[in-house]
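Peer 1: sequence unavailable; structure follows:
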């Protein structure tokens, strides 16, 4: 067996998002745990990859350049057919299998055995192929289905939850159900405290904070719902007679929340300014992975109110960090985190605010839930994910 894997999402704008983190970790686990199998890792020339620190350790991993870096966008197909596909044809063998961790970059299921990983069906469910304009949305919709329709030729479809698997089959009811497989993702968390003095306000230890980490700016992420719920929480503290300048912060962590030229980000800043809570809501900007555990572990609680997720890596990381989690009552969160998180209607700011308030006032009430969540988080392993993935490779008839 020879496995070819597209690693470009470890180099593009998704490198630190869930897609990129999956690609990095699944590749490293596959290569590390299958030393006798040759892997060809497709990557851009001269562009930093999140794999760079570790991949050179493994002699069974050959790095294959596919040319200069190209951003992941509407021109993907041009690049795929002019540079990527010719490279695949050049290096593939009779026993080659192609593994595609992210379909937008395109994949060769029409010419060789291919295993495709589907993270979610978010875009068609929300008709949200592009947020630039209706015209962009229409064009990207055509491109989306043109590419994803090639999944019908894939040997297997891997999904990060049963929710995603069922959603995929709704759109492709004729695809053999027995060839769709759930492989829950892993999480990579070093349970080690690191100083947050350079990341958070200097008085964060005294005031404490709730945190929203691992979100995004798509409408389905419902970032505004987090802030609205926090505003209700502040109102309840006011009713108790507290000066809100002494209230816990809301920390919003992530570089995506700094680009106020994007309407979805500007909406957040406008809401914060309109309600006069600029001092209470803190945007950290980009944070390093090493800070994630400390950011979560030192928080009073973690919020993630996405209306739709494929799995929820940041939510699993919050469980590992032993912090109470407040999640939107979506199908995947009910599937994966039902008994270890507070599931709320993320569009109901009063319900969200009341839950934040209850965690703030009655933290001990959630201790058993937190401990159960930690135990569940230990089952999310990249090695376990890779083992199941490799077993699918072995089922592929070349």
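Peer 2: Great, that's in hand. These numbers were taken from a predicted model, which means no experiment stands behind them.
Peer 1: of all the residues in stretch 187-200, which ones are buried?
Peer 2: By 16 or more other C-beta atoms under 10 Å, the buried positions in stretch 187-200 come out as 187-189, 196, 199-200. C-beta here means a position set from N, CA and C on the backbone, and glycine is covered the same way.
Peer 1: go on, stretch 383-391?
Peer 2: Those would be 385-386, 389-390, for stretch 383-391 by 16+ other C-beta under 10 Å.
Peer 1: what about residue 397, neighbour count?
Peer 2: The tally of other residues near residue 397 (other C-beta atoms under 10 Å) stands at 5.
Peer 1: wait, is it part of a helix?
Peer 2: No. Using DSSP: H, G, I helix; E, B strand; the rest coil, the assignment for residue 397 is coil, not a helix.
Peer 1: quick check: it touching residue 156?
Peer 2: No. At 11.0 Å, residue 397 and residue 156 do not qualify as touching, with contact defined as C-beta atoms under 8 Å.
Peer 1: what do the two both touch?
Peer 2: Counting by C-beta atoms under 8 Å, 6 or more residues apart in numbering, residue 397 and residue 156 have no shared contacts at all.
Peer 1: so of the buried residues of stretch 383-391, which ones are in helices?
Peer 2: If you go by DSSP state H, the buried residues of stretch 383-391 have 385-386, 389-390 in helices.
Peer 1: name the SS class of the residue of the chain most remote from its centre, please.
Peer 2: No residue in the chain sits farther from the centre than residue 241, which is 39.0 Å out by C-alpha atoms, centre = their mean. Of the three states, residue 241 takes coil under three-state DSSP.
Peer 1: and residue 307, how many neighbours?
Peer 2: With other C-beta under 10 Å as criterion, residue 307 counts 18.
Peer 1: quick one: residues contacting it.
Peer 2: Residue 307 touches 126, 220-222, 328, 330, 346-347, counting by C-beta under 8 Å, 6+ apart.
Peer 1: tell me the spacing between it and residue 345.
Peer 2: 10 Å (C-beta to C-beta, to the nearest Å).
Peer 1: where do the contact lists of these two overlap?
Peer 2: residue 328.
Peer 1: leaving out chain neighbours, which residue sits closest to residue 13?
Peer 2: Take residue 13 and drop its neighbours on the chain: the residue closest to it by C-beta to C-beta, 6 or more residues apart in numbering is residue 72, 6.1 Å away.
Peer 1: again with residue 228
Peer 2: residue 349 (3.8 Å).
Peer 1: what's that neighbour sitting at in phi/psi?
Peer 2: The phi and psi torsions at residue 349 (degrees, to the nearest 10) take the values phi -60, psi -30.
Peer 1: just residue 24 next, same as before
Peer 2: Torsion angles, degrees, to the nearest 10, at residue 24: phi -60, psi -50.
Peer 1: out of the buried residues of stretch 187-200, who's nearest residue 340?
Peer 2: residue 187 (13.8 Å; C-beta to C-beta).
Peer 1: any buried residues in stretch 43-52, and which?
Peer 2: Buried, per 16+ other C-beta under 10 Å, within stretch 43-52: 43-44, 47, 49-51.
Peer 1: show me the residues you listed that map onto helices.
Peer 2: Going by DSSP H, the helices hold none of the buried residues of stretch 43-52.
Peer 1: what's the farthest-apart pair in those residues?
Peer 2: 44 and 50 (12.7 Å).
Peer 1: which residues do those two both contact?
Peer 2: residue 11.
Peer 1: ok, residue 9 - contacts?
Peer 2: Per C-beta under 8 Å, 6+ apart, neighbours of residue 9: 15, 19-20, 23, 72, 101-102, 105.
Peer 1: separation between the residue nearest to residue 228 and residue 236?
Peer 2: On the measure of C-beta to C-beta, residue 349 and residue 236 end up 12 Å apart.
Peer 1: and residue 95, by the same measure?
Peer 2: For residue 95, the distance to residue 236 - C-beta to C-beta - is 63 Å.
Peer 1: who has more neighbours out of those two?
Peer 2: residue 236 (19 against 12).
Peer 1: pretty sure the more buried one sits against residue 350.
Peer 2: No. Applying C-beta under 8 Å, one finds residue 236 not in contact with residue 350, separated by 9.7 Å.
Peer 1: what stretches of this protein score poorly on pLDDT?
Peer 2: 215-216, 398 (pLDDT under 70).
Peer 1: ok, residue 66 touching residue 87?
Peer 2: Yes. Contact criterion C-beta under 8 Å: residue 66 and residue 87 qualify, at 5.1 Å.
Peer 1: give me the common contacts of the two.
Peer 2: residue 42.
Peer 1: out of these two, which sits in the more crowded spot?
Peer 2: A count of neighbours by other C-beta under 10 Å puts residue 66 above the other of residue 66 and residue 87, at 21 against 16.
Peer 1: contact partners for the more buried one?
Peer 2: 8, 42-45, 83-84, 87.
Peer 1: tell me the one among those nearest to residue 134.
Peer 2: Among those, and counting by C-beta to C-beta, the member closest to residue 134 is residue 8, at 28.6 Å.
Peer 1: who's in contact with that closest one?
Peer 2: 42-44, 66, 72, 105.
Peer 1: with residue 212 instead?
Peer 2: Counted by C-beta under 8 Å, 6+ apart, residue 212 has contacts 223, 226, 250-253, 302-304.
Peer 1: quick check: residue 85 vs residue 92, distance?
Peer 2: For residue 85, the distance to residue 92 - C-beta to C-beta - is 10 Å.
Peer 1: again but with residue 100, I slipped
Peer 2: Where residue 92 is concerned, residue 100 sits at a distance of 14 Å (C-beta to C-beta).
Peer 1: those two: which has the busier surroundings?
Peer 2: Ranked by neighbour count (other C-beta under 10 Å), residue 100 and residue 92 place residue 100 first, with 24 against 18.
Peer 1: what about the residue nearest to that one when sequence neighbours are not counted, how many residues nearby?
Peer 2: Counting by C-beta to C-beta, 6+ apart, the nearest residue to residue 100 once its immediate chain neighbours are dropped is residue 107, at 3.9 Å. For residue 107, the neighbour count with other C-beta under 10 Å is 28.
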